[in-house]
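In: I need the structure of the sequence given here:
(chains A and B)
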2 protein chains.
Amino acid sequence: MTEERTGAARRGRPGYDRATVLRRAISLFNERGYEATSIADLARDLGVTKSAVFHHVSSKEDLLAAALDEALDGLAAATDAAVASTGASARERLRAAVTESVSILVEHLPAVTLLLRVRGNSAVEQRALQRRRAIDDRLAALVREAAADGDIRDDIEPELVSRLIFGAVNSLVEWYRPGGPLSPEELGAAVVRMTFEGLAPRTEVPPR
Amino acid sequence: MTEERTGAARRGRPGYDRATVLRRAISLFNERGYEATSIADLARDLGVTKSAVFHHVSSKEDLLAAALDEALDGLAAATDAAVASTGASARERLRAAVTESVSILVEHLPAVTLLLRVRGNSAVEQRALQRRRAIDDRLAALVREAAADGDIRDDIEPELVSRLIFGAVNSLVEWYRPGGPLSPEELGAAVVRMTFEGLAPRTEVPPR
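Out: Numbering: from 1, shown residues only, chains lettered A, B, ... in the order given. Below you'll find the model as predicted:
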């Protein structure tokens, strides 16, 4: 976030643009809570007047909607791409969905963090929860299909399997910070290995 | 929660007690956010005056601290019990820690939900984050010990393994609702199976 305030997005610009306003708004919403953050707080943080902020956005809810759409567009595209990949088994598509989701979480960490805290306290939040549920339903259907194929365990309800897999994936927003020892690709691979293989010691190359 | 307002905790009582005030406060904090909830909101929700609420609690932060302690006391006790169990391997103690944590999450779902949303915006929240980190450190040490024993995989950093396991566990606050098809025990068993065994189809009884 810091780069976005002081780096390329602002350098050479007198003032700021809508993208910068949105990035700072997402940070403040995540730090203090959406309800506890006002446009006045955002203006103060950016060092501009409230009316300067309103030049770029019509309301605080406008910023929230844009942030949630950023996260949801990414997650929906990742799920669509994984689910639709032709010639791949449901198990392989599930693996792709996990990998792609990790990549979106890393790429849009602040927006996804905000999304995962939404409780449904307004029409904007309700719409976001609805979009999230639609994505979750597609992922659960993929788990169900892989179980029906006999390619993953079928002794635990697919809905629960899906919730636990993506619970582990989504926990990234709590602890992943850019610049750590693992690249996003290594992180995605580790999440896939943990969710697909569990904790068993690697005594031999797994059969599949 | 509804039972607590209308059921045993209130029935036969003129008014309410501190426990009821705390339960309702936790619900409101979870629904609307801590910052966005006032003692006046709580009083309105309980149908009493603000001074009646202040008869039981000294401040809103007092309620937050009590709620976070409820969650943290439960999680710390669960971790302590699992970590300390003598004669058990680190792997067995890790399994117990997962099972016990699920049980605490189910038993104290609203308080743990609140805990997992804390950002550290006050001394009370900072202290809660510190206690949470101490618990996480003990769990990660258990994973490290099990990996050193050769009893679980050692090709993924123990800290990351621990985060992913308890990411799946903690996701319960997002989707678990009492009265579902699974008992808390069945849920705990399913979480252990998923985290320890992963997704592989059950073609035979696993070797351990």
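In: how about A:Ser38, phi and psi?
Out: Per-residue torsions, A:Ser38: phi -110, psi 160 (degrees, to the nearest 10).
In: from what I can see it touches A:Leu63, true?
Out: No - contact criterion Cβ atoms under 8 Å: A:Ser38 and A:Leu63 do not qualify, at 11.4 Å. Every C-beta, even on glycine, is put in place using the N, C-alpha and C of the backbone.
In: In the host helix or strand of A:Ala71, which residues are buried?
Out: Using DSSP states H and E, A:Ala71 sits in helix A:60-84. Going by neighbour count (16 or more other Cβ atoms under 10 Å in any protein chain shown), the buried part of helix A:60-84 is A:60, A:62-72, A:74-76, A:78-79, A:82-83.
In: which residues touch A:Tyr176?
Out: Residues counted as contacts of A:Tyr176 (Cβ atoms under 8 Å, 6 or more residues apart in numbering or on different chains) are A:105-106, A:109, A:187.
In: switch to 10 Å and redo it
Out: Applying Cβ atoms under 10 Å, 6 or more residues apart in numbering or on different chains to A:Tyr176 gives the contacts A:102, A:105-106, A:109, A:113, A:182, A:184, A:187, B:160, B:163.
In: before we move on, what about A:Leu42?
Out: A:Leu42 neighbours (Cβ under 10 Å, 6+ apart): A:21, A:24-25, A:27-29, A:48, A:50, A:53, A:57, A:60, A:63.
In: again, only this time at 8 Å
Out: By Cβ under 8 Å, 6+ apart, the contact set of A:Leu42 is A:21, A:24-25, A:28, A:53, A:60, A:63.
In: how much space between it and A:Val48?
Out: In this view, A:Leu42 and A:Val48 are 9 Å apart by Cβ to Cβ, to the nearest Å.
In: One more: A:Arg193?
Out: Applying Cβ to Cβ to A:Arg193 and A:Val48 gives a distance of 47 Å.
In: just to revisit the earlier point, for the helix or strand just after the helix holding A:Ala71, could you pull out the residues that count as buried?
Out: The helix or strand immediately downstream of helix A:60-84 is helix A:90-107, counting by DSSP H and E. For helix A:90-107, the neighbour count (16+ other Cβ under 10 Å) marks A:90-91, A:93-106 as buried.
In: To what extent is A:Arg133 buried, counted in neighbours?
Out: Per other Cβ atoms under 10 Å in any protein chain shown, the neighbour tally for A:Arg133 reads 10.
In: quick check: angle from whichever helix or strand it is part of to helix A:60-84?
Out: Take DSSP H and E as the rule and A:Arg133 turns out to sit in helix A:123-148. With axes from the mean of the first three to the mean of the last three Cα atoms, to 10 degrees as the basis, helix A:123-148 and helix A:60-84 are set at 10 degrees to each other.
In: Outside of the helix holding A:Ala71 itself, list whatever touches it.
Out: Looking at what lies outside helix A:60-84 - Cβ under 8 Å, 6+ apart - the contacts are A:21-22, A:25-26, A:29, A:34, A:37-39, A:42, A:57, A:93-94, A:96-97, A:99-101, A:103-104, A:107-108, A:110-112, A:114-115, A:118, A:122, A:124-125, A:128, A:131-132, A:134-135, A:138-139, A:142.
In: Can you flag the buried ones in those residues?
Out: The neighbour count (16+ other Cβ under 10 Å) marks A:21-22, A:25-26, A:29, A:34, A:37, A:39, A:42, A:57, A:93-94, A:96-97, A:99-101, A:103-104, A:108, A:110-112, A:114-115, A:118, A:124-125, A:128, A:131-132, A:135, A:138-139, A:142 as buried among these.
In: Compute the inter-axis angle for the helix holding A:Ala71 and helix A:90-107.
Out: For helix A:60-84 against helix A:90-107, the angle by the same axes, to 10 degrees is 150 degrees.
In: avg pLDDT for stretch A:18-33?
Out: When pLDDT is averaged over stretch A:18-33, the result is 95.
In: following the least confident helix or strand in chain A by mean pLDDT, which helix or strand comes up?
Out: The weakest-scoring helix or strand in chain A, judged by mean pLDDT, DSSP states H and E, is helix A:2-6 (a mean of 45). For helix A:2-6, the following helix or strand on the C-terminal side (DSSP H and E) is helix A:18-32.
In: Any idea how far whatever helix or strand comes next after that following helix is from the middle of the chain?
Out: Next in sequence after helix A:18-32, counting helices and strands by DSSP H and E, comes helix A:39-46. Relative to its chain's centre, helix A:39-46 lies at 25 Å (Cα atoms, centre = their mean, to the nearest Å).
In: Helix A:39-46 to helix A:18-32, inter-axis angle?
Out: Relative orientation of helix A:39-46 versus helix A:18-32 (the same axes, to 10 degrees): 110 degrees.
In: same for the next helix or strand after helix A:39-46, what does it pack against?
Out: Note on helix A:39-46: by DSSP H and E, the next helix or strand toward the C-terminus is helix A:50-54. Applying 3 or more Cβ pairs under 8 Å, 6 or more residues apart in numbering or on different chains; DSSP states H and E, we find helix A:50-54 packed against helix A:39-46.
In: buried residues in the helix it packs on?
Out: A:39, A:41-43, A:45-46.
In: helices or strands next to the helix holding A:Arg133 in the packing?
Out: Packing partners of helix A:123-148 (3+ Cβ pairs under 8 Å, 6+ apart): helix A:60-84, helix A:90-107, helix A:158-170.
In: Many thanks, we can stop here.
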